[in-house]
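Enquirer: sequence unknown, structure follows:
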């Protein structure tokens, strides 16, 4: 979660933020309440259009609504906030804001509870660890960026003027770039840029720090800095990495679960066993497949159940059923728990 702006007097006022993950949308589900006023960009039919309803021109406007209902979209990748229009357009009526990852919104409350403010702080802390770092590099100059949901945030620049002994100067430059990278704990490193510097730096990295090199991939870019970051993103390198990163994390959770199951350890699976574990306050991490979530929402209020897990300091992880870890979870009943103690 990224907090863009905070305007509070005591516990009253507005917080503008950007959700960066499905988990952030989950947090927002319990931050936004009926009676709040929420602003965000949305699509509305143009008032100047005289076309029939289905053909009206849609325009983007910033709309404010007084919240009446908050729910996850059935595919669990967006939040639907519905209510009465109070600002942004002349006509009255009701509207639904679709809040997705990377979409800015403002929440105005008469009173923010300490629990809600703490939830935001926790989400921000969880987002601050960079998962993907992009290094754009050419001879004598490099720029380091951290991938955020809204784009790439440039966090550092290294410049070295080469002297007469270009070899030593270049090695010194690579050493300074490496030292700068060591300041970030990341899962993936994209090394990009024009010319041979990117490949040479990667070889330097393999000799200097094999573990960091294992996290690195080399990509092409015609420039460095912000333009280079944008180019890397447009080439789809980051999309591929982000997908691999989420699958990797889900796979790690599934491996933990299967290890505990194999030794009759601290794990349960299937709805009834999970419910029983929750009644004892035993769930440390709850794993839920999105397909299971969709199916169960049509039968009962499973969101309240997930909320109860969180209230007992458990972590909720929603897995995509499109990928192998989620498919394996579905084979176990779609829901499972890693426990604080054996039952």
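Expert: Nice, I can see it. Being a predicted model, the structure only gives us computed values, none of them experimental.
Enquirer: any low-confidence regions in the stretch 1-150 of the chain?
Expert: Scanning the stretch 1-150 of the chain for pLDDT under 70 picks out 46-56, 73-77, 90-91, 126-130, 149-150.
Enquirer: what about 90?
Expert: Applying pLDDT under 90 to the stretch 1-150 of the chain flags residues 1-2, 10-11, 20-30, 42-62, 71-78, 87-93, 100-102, 113-119, 121-132, 146-150.
Enquirer: which SS state does residue 89 fall under?
Expert: coil (DSSP: H, G, I helix; E, B strand; the rest coil).
Enquirer: hang on, it packs against residue 63?
Expert: Yes. If you go by Cβ atoms under 8 Å, residue 89 and residue 63 touch, sitting 6.5 Å apart. All C-beta spots, glycine's among them, are computed from the backbone N, C-alpha and C.
Enquirer: tell me which of those two has more neighbours.
Expert: Ranked by neighbour count (other Cβ atoms under 10 Å), residue 89 and residue 63 place residue 63 first, with 19 against 16.
Enquirer: so that one sits in a strand?
Expert: Yes. Counting by three-state DSSP, residue 63 is found in a strand.
Enquirer: what is in contact with residue 89 and residue 63 at once?
Expert: residue 44 (Cβ atoms under 8 Å, 6 or more residues apart in numbering).
Enquirer: who's in contact with residue 204?
Expert: 171, 174, 178.
Enquirer: may I see the domains of the chain written out as residue ranges?
Expert: Residue ranges for the domains of the chain, per automatic domain parsing: 2-128, 132-235, 254-339.
Enquirer: looking at the contacts of residue 204, which is nearest residue 113?
Expert: Set against residue 113, the nearest of the contacts of residue 204 by Cβ to Cβ is residue 178 (45.3 Å).
Enquirer: immediately after the longest helix anywhere in the chain, which helix or strand?
Expert: When the chain is scanned for its longest helix (criterion: DSSP state H), the result is helix 237-262. Later in the chain than helix 237-262, the nearest helix or strand by DSSP states H and E is strand 267-269.
Enquirer: so what strands line up beside that following strand?
Expert: With DSSP bridges as the test, strand 267-269 is paired with strand 335-339 (antiparallel).
Enquirer: work out the gap between the partner strand and the centre of the chain.
Expert: 22 Å (Cα atoms, centre = their mean, to the nearest Å).
Enquirer: what residues does it touch?
Expert: Strand 335-339 is contacted from outside by 253, 256-257, 260, 266-271, 273-274, 277-278, 282-289, 292, 314, 329, using Cβ under 8 Å, 6+ apart.
Enquirer: wait, which of the contacts of residue 204 is closest to residue 57?
Expert: When the contacts of residue 204 are ranked by distance to residue 57 (Cβ to Cβ), residue 178 comes first, at 53.0 Å.
Enquirer: let me know the pLDDT of the closest one.
Expert: Looking at residue 178, its pLDDT stands at 96.
Enquirer: need the contact list for it.
Expert: Residue 178 makes contacts with 204, 205, 208, 209, 212, as judged by Cβ under 8 Å, 6+ apart.
Enquirer: now the residues you listed: which count as buried?
Expert: Using 16 or more other Cβ atoms under 10 Å as the burial test, these include 204, 205 as buried.
Enquirer: let me know the closest of the contacts of residue 178 to residue 133.
Expert: When the contacts of residue 178 are compared against residue 133 (criterion: Cβ to Cβ), the nearest one is residue 212, at 10.2 Å.
Enquirer: with that, I have no additional questions.
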